[in-house]
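# one predicted model, sequence on top.
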Amino acid sequence: MLKEKILITDDDSDILDVIRITLEAEGYEVTEAHDGQEAIDMIKKSTPDLLITDFKMPRVCGDEVCRVLKQDILIQHMPIIMLTGKGEVTDKIHGINSGADDYMVKPFEPQELVARVKMVLRRTARDLDANPLTRLPGNVSIINELGLRIIKNELFAVCYIDLDKFKAFNDKYGFEKGDEVIKNTARILISSVQEKGTPQDFIGHIGGDDFVVVTIPDKIDDLCKKIISDFTSMVPGLYNKEDLEKGYIIGKDRQKKTRKIPLLTISIGIVTNEKRKISHVGEVGELGAELKEHAKSLPGSNYVRERRELI
């Protein structure tokens, strides 16, 4: 069984030693950073399962570390425990408001630290249903995200994204190549949202070759065009020369009939609450599935809005 990885961050070497010895004795793999910026740099290279950080540190303080990490869609679900000085209530509030999942007051008992660590990791494992291939949030997180936006009565647009002819590609080129396509698609969604979306946008992986992006209606056109453009640019590099020149592969469709199957494309069905009231997550899913199927019935890569116009 792989050891859970914990990064500890403090400018006090004595405290780092106490935490490291305590956690290693419990079987955790522990690495150290000595200020906030070093912690951020380390996490972006290799994300640990948990960060324990002091509040007051040189260069970048603990609350700013939280803010930076919680704005990064790839690592925002990593739990953070904040360490604060005794009686520093303001520090606790700043830490929690900036995204810390728990806090402890120094000095602390080692046994309490271990208990807090186990609790946070257990809670995270339960709540975070990240897809093991892409590490994007899964169905529970998607439902929670949509539900929260509905409750808040926010204006939103939900993109249901599916790859066309993926099963035939997977059968022909193998699961390893298929996984590469899924991971590259996730990267395309992330980069597209970062460039054309908003910081509050959400990306989820339903499973297989199905994804969800939640944004605002004003961003839909540019975002979907970017996704389709980047996906189309990726496709030629996935096929061997012979298949690429033919423009199709020989494979079996879902009825097990052998036929010529076109190269991969991407289809997007878009549900918004601009012109209709949506009061339940189930409505979004039903409309999204219907619109996505409409997009898939069209040739090539497309995105289709609820009004059924081809954009």
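Sure thing, it's come through.
# which one is the spatially most central residue of the chain nearest to, not counting chain neighbours?
Centroid-nearest residue in the chain, with CA atoms, centre = their mean: Leu136, separated by 3.1 Å. Spatial nearest neighbour of Leu136, excluding adjacent residues (CB to CB, 6 or more residues apart in numbering): His205 at 3.9 Å. (Glycine included, C-beta is placed from N, CA and C.)
# ok, residues contacting the helix or strand containing that neighbour?
Element membership for His205 (DSSP states H and E) is strand 202-207. Here strand 202-207 makes contact (CB atoms under 8 Å, 6 or more residues apart in numbering) with 73, 131, 133-134, 136-139, 141-142, 145, 186, 189-190, 193, 211-215.
# counting by contacts, list what the helix or strand following it packs against.
With elements assigned by DSSP H and E, the helix or strand that comes after strand 202-207 is strand 210-215. Judged by 3 or more CB pairs under 8 Å, 6 or more residues apart in numbering; DSSP states H and E, the packing partners of strand 210-215 are helix 139-151, strand 157-164, helix 175-196, strand 202-207.
# what angle sits between strand 210-215 and strand 157-164?
Per axes from the mean of the first three to the mean of the last three CA atoms, to 10 degrees, the angle that strand 210-215 makes with strand 157-164 is 160 degrees.
# angle of strand 210-215 against strand 202-207?
Going by the same axes, to 10 degrees, strand 210-215 makes 170 degrees with strand 202-207.
# CA atoms of the helix or strand hosting Lys44 as PDB?
Lys44 is part of helix 36-45, with elements assigned from DSSP H and E. C-alpha atoms of helix 36-45 as PDB (Å, rounded to 0.1, in the frame of the first residue of the first chain):
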ATOM      1  CA  GLY A  36       5.200  29.600   1.700                       C
ATOM      2  CA  GLN A  37       6.600  30.100  -1.800                       C
ATOM      3  CA  GLU A  38       8.800  27.000  -1.500                       C
ATOM      4  CA  ALA A  39       5.700  25.100  -0.500                       C
ATOM      5  CA  ILE A  40       3.700  26.300  -3.500                       C
ATOM      6  CA  ASP A  41       6.600  25.500  -5.900                       C
ATOM      7  CA  MET A  42       6.900  21.900  -4.500                       C
ATOM      8  CA  ILE A  43       3.100  21.300  -4.600                       C
ATOM      9  CA  LYS A  44       2.900  22.300  -8.300                       C
ATOM     10  CA  LYS A  45       5.600  19.900  -9.200                       C
END
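# secondary structure element for Ile249?
Using DSSP H and E, the element containing Ile249 is strand 248-252.
# tell me which residues are up against stretch 109-119.
Against stretch 109-119 from outside (CB under 8 Å, 6+ apart): 6, 18-19, 22-23, 26, 28, 50, 52, 81, 102, 104.
# what sits against Asp162?
Asp162 neighbours (CB under 8 Å, 6+ apart): 209-211, 266-268, 292, 296.
# and Ile15, by the same measure?
Contact analysis of Ile15 by CB under 8 Å, 6+ apart lists 54, 83, 106.
# for the residue nearest to the first one when sequence neighbours are not counted, give me its contacts.
Okay, so that is Asp54. Nearest residue to Asp54, sequence neighbours excluded (CB to CB, 6+ apart): Asp10, at 4.2 Å. Shown in contact with Asp10 (CB under 8 Å, 6+ apart): 16, 19, 34, 53-54, 57, 83.
# quick check: Asp10 vs Val181, distance?
Asp10 sits 42 Å away from Val181, taking CB to CB, to the nearest Å as the criterion.
# now swap in Val214 and tell me
23 Å.
# hmm, back to that, hey, which of the helices and strands packed on strand 210-215 is tucked in deepest?
Highest mean neighbour count among these (mean count of other CB atoms under 10 Å): strand 157-164, with a mean of 25.
# what mean pLDDT would you report for that strand?
Averaged over strand 157-164, pLDDT sits at 97.
# show me the shaky parts of the stretch 101-250 of the chain.
Of all residues in the stretch 101-250 of the chain, those with pLDDT under 70 make up the ranges 126-128.
# how distant is the helix or strand harbouring Thr22 from the center of its chain?
According to DSSP H and E, Thr22 maps onto helix 13-25. Centroid separation for helix 13-25 versus its chain: 31 Å, with CA atoms, centre = their mean, to the nearest Å.
# Pro58: neighbour count?
Residues within reach of Pro58, counting by other CB atoms under 10 Å, total 11.
# do the one 4 residues further on as well
Applying other CB under 10 Å, we find 29 other residues in the vicinity of Gly62.
# what sits against it?
Gly62 makes contact with 9, 36, 53-56, 82-83, 95, 100, according to CB under 8 Å, 6+ apart.
# want to throw these into CSV with neighbour count?
Listed next are the contacts of Gly62 as CSV, based on neighbours: other CB atoms under 10 Å:
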residue, neighbour count
Thr9, 28
Gly36, 25
Thr53, 26
Asp54, 24
Phe55, 25
Lys56, 16
Met82, 26
Leu83, 26
Gly95, 26
Ala100, 24
